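> sequence and predicted structure are below.
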Amino acid sequence: MMRPLRPLLAVASRLTPAALAVPLLLTAPLAAQRAPSTARPNIVLIFPDNLGWGEVGAYGGVRGVPTPNIDSIAAQGIRLDNFNVEFSCTVSRAALLTGRYAIRSGATQPTGITQWEVTIAEALKGIGYSTALFGKWHLGGTHWIAGRTPIDQGFDEWYGIPNTSNEAQTTTSPGFNPATTEAPYIWEQKAGGPATRAKVFDLDSRRTVDREAAHKGVDFMERSARAGKPFFLFYPITQIHFPTLPHPDFAGKTGAGDIGDAMADVDFNVGIVLAGLKRLGIERNTLVFWCTDNGAEGRRPWRGTSGPWRGFYNTVMEGGIRTPCVIRWPARIPRGQASNEIVHELDIFPTIAAAAGADIVPKDRAIDGVNQLPLLEGRQKTSSRESALFFTGNGVRAVKWKDWKFHYAFMPEPRVTEPPLMRLFNLRSDPREESDVKDANPWAIGLFDKLVADFTASTERYPNVPSTAKDPYAPPRRP
């Protein structure tokens with residue numbers, strides 16, 4: 001059975017029953033007749049922002065803020081203790097949705113991804129899934145409205161912010177002039193129609209957008225279930241990215257500051273989605289992922305916690321790229337598992353494809369993700385991958401192989417490097433990356449150089465999409 005990594009500090013008494021309870025309307029029986037179940041599983045992918053290990057109860061939450069809904073996913077399925085992501089928001093979303101390192105798709109700049117990329121949503125839509133995104137997009141860049149909205153990447157509908165959460169500060173920034181600077185908005189769109197402004201995205205709507213997105217997600221699931229269609233719900237939560245301002249229902253409630261309150265809010269919103277699945281009677285055949293895009297938020301006064309790891313997001317320290325991930329699928333994944341095997345967000349696309357029983361992963365480009373369904377189902381004890389590369393900008397910054405991690409340019413804080421740049425750590429014996437053992441392990445440089453060389457060779461056959469590429473994009477002919 002899975003065990004918490006450390007005791008959870010009890011602060012439940014500080015939260016009122018009303019604050020912890022899921023609304024009754026979500027737990028009432030569904031009055032209408034349920035649609036018949038389908039052979040293909042429903043997919044729910046919940047993806048909070050800048051949320052480190054130390055915030056989650058199942059990972060030993062250091063603030064003592066209860067996260068019972070997130071923890072229930074782990075208890076009913078598997079907790080991954082070595083789940084890895086890219087180092088920042090846009091690149092992480094690109095990798096998640098395409099199964100490709102972001103450097104391959106050109107998403108290293110805020111221009112996002114071209115329409116040539118195939119996302120999980122596009123692949124699932126092609127085999128009959130309904131698809132929706134409610135939350136943070138951040139894959140279209142400053143010109144996102146001109147052909148780079150979620151609708152252009154396979155989603156039937158979306159509601160949320162096109163870029164990032166800190167844009168909520170715009171209207172209260174010193175010198176803001178609405179006559180010369182357009183306020184940011186929450187947008188909405190459905191396939192076949194234009195993107196339209198729903199409301200101004202400011203510090204007030206920043207507090208409520210995730211709750212609205214959760215309810216819209218449940219409504220989408222209900223409509224899909226009534227239609228008898230499997231669905232893919234992507235719920236990229238905006239919390240706990242700065243400014244970390246919780247929903248009014250939770251402001252000041254945990255005694256653990258804004259981040260603690262925001263975590264209570266995140267967990268509550270997860271509970272809304274889980275309760276919706278239960279009410280609809282479809283939770284058994286729904287594959288639920290809860291994982292985060294980056295490690296702990298680093299900006300004060302909203303500094304997050306990385307638990308046992310060192311560093312924050314925007315670095316490739318373990319605290320920036322090793323994030324919590326819990327997964328359940330009652331029909332297929334055994335309860336109470338925990339694994340320290342290397343898994344990457346790249347693997348989610350091929351794993352979903354395997355779960356859907358469909359050959360939908362593109363074959364005309366490099367795919368870096370691997371199918372991890374055998375690991376999740378307990379049919380194999382080891383991961384389908386041994387290594388992962390970590391980039392900043394256009395270069396390899398670090399590589400992990402089994403329990404080892406090699407830094408080519410050691411960067412403990414964002415944009416801050418420290419000599420010696422090349423360092424080797426054994427993450428089992430030195431999880432905080434403090435003792436360089438490169439000189440005692442001369443074999444390592446050759447091994448890690450070979451992993452980088454293999455990746456470089458793959459880019460010769462499948463050239464990376466330029467970060468400045470415009471739509472329509474077509475890859476160069478390969479030999």
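Looks like it came in fine. Source: prediction; values computed, not measured.

> which stretches in the stretch 201-350 of the chain count as helices?
203-226, 257-280, 318-321, 348-356 (DSSP state H, counting those that start in this stretch).

> residues in contact with the third one?
Under the contact criterion C-beta atoms under 8 Å, 6 or more residues apart in numbering, helix 318-321 has outside partners 52-53, 84-87, 294-296, 306-307, 309-315, 390, 405, 427, 431-433. Where C-beta positions appear, they are placed from N, C-alpha and C, glycine not excepted.

> first-to-last residue distance for stretch 348-364?
From its first residue to its last, stretch 348-364 covers 19 Å (C-alpha to C-alpha, to the nearest Å).

> what do you get for stretch 314-325?
End residues of stretch 314-325 are separated by 19 Å (C-alpha to C-alpha).

> what is the mean pLDDT for that stretch?
Stretch 314-325 shows a mean pLDDT of 96.

> how far does that stretch sit from the chain's center?
Centroid displacement of stretch 314-325 relative to its chain, using C-alpha atoms, centre = their mean, to the nearest Å, is 12 Å.

> where does the stretch 101-250 of the chain have low pLDDT?
143 (pLDDT under 70).

> same question but for the stretch 351-479 of the chain, I mixed them up
478-479.

> what segments of it are helices?
Under DSSP H, counting those that start in this stretch, the stretch 351-479 of the chain gives helices at 373-376, 443-461.

> how about the first one: buried residues?
For helix 373-376, a neighbour-count test (16 or more other C-beta atoms under 10 Å) marks 373, 375-376 as buried.

> centre of the chain to that helix, how far?
That offset, for helix 373-376, works out to 19 Å (C-alpha atoms, centre = their mean).

> export that helix as PDB, just CAs?
The C-alpha trace of helix 373-376 is given here as PDB (Å, rounded to 0.1, in the frame of the first residue of the first chain):
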ATOM      1  CA  LEU A 373       0.500   2.000 -19.300                       C
ATOM      2  CA  PRO A 374       2.200  -1.300 -18.300                       C
ATOM      3  CA  LEU A 375       3.800   0.500 -15.400                       C
ATOM      4  CA  LEU A 376       0.600   2.200 -14.300                       C
END
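
> tell me what it is packed against?
For helix 373-376, the packing partners by 3 or more C-beta pairs under 8 Å, 6 or more residues apart in numbering; DSSP states H and E come out as helix 348-356.

> go on, the last one?
Of the remaining helices and strands, those touching helix 443-461 by 3+ C-beta pairs under 8 Å, 6+ apart are strand 387-392, strand 395-401, strand 404-407.

> save the ones you listed as TSV, and put in mean neighbour count and distance to Trp158 too.
Formatted as TSV, those follow (neighbours: other C-beta atoms under 10 Å; distance: least, C-beta to C-beta, whole Å):
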stretch	mean neighbour count	distance to Trp158
strand 387-392	22	27
strand 395-401	21	32
strand 404-407	22	36
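
> of these, which approaches Ile78 most closely?
strand 387-392 (18.7 Å; C-beta to C-beta).

> pull the residues that contact that closest one.
In contact with strand 387-392 (C-beta under 8 Å, 6+ apart) are residues 84, 86-87, 91, 101-103, 108, 316, 321, 342, 344, 346, 396-402, 411, 451-452, 455.
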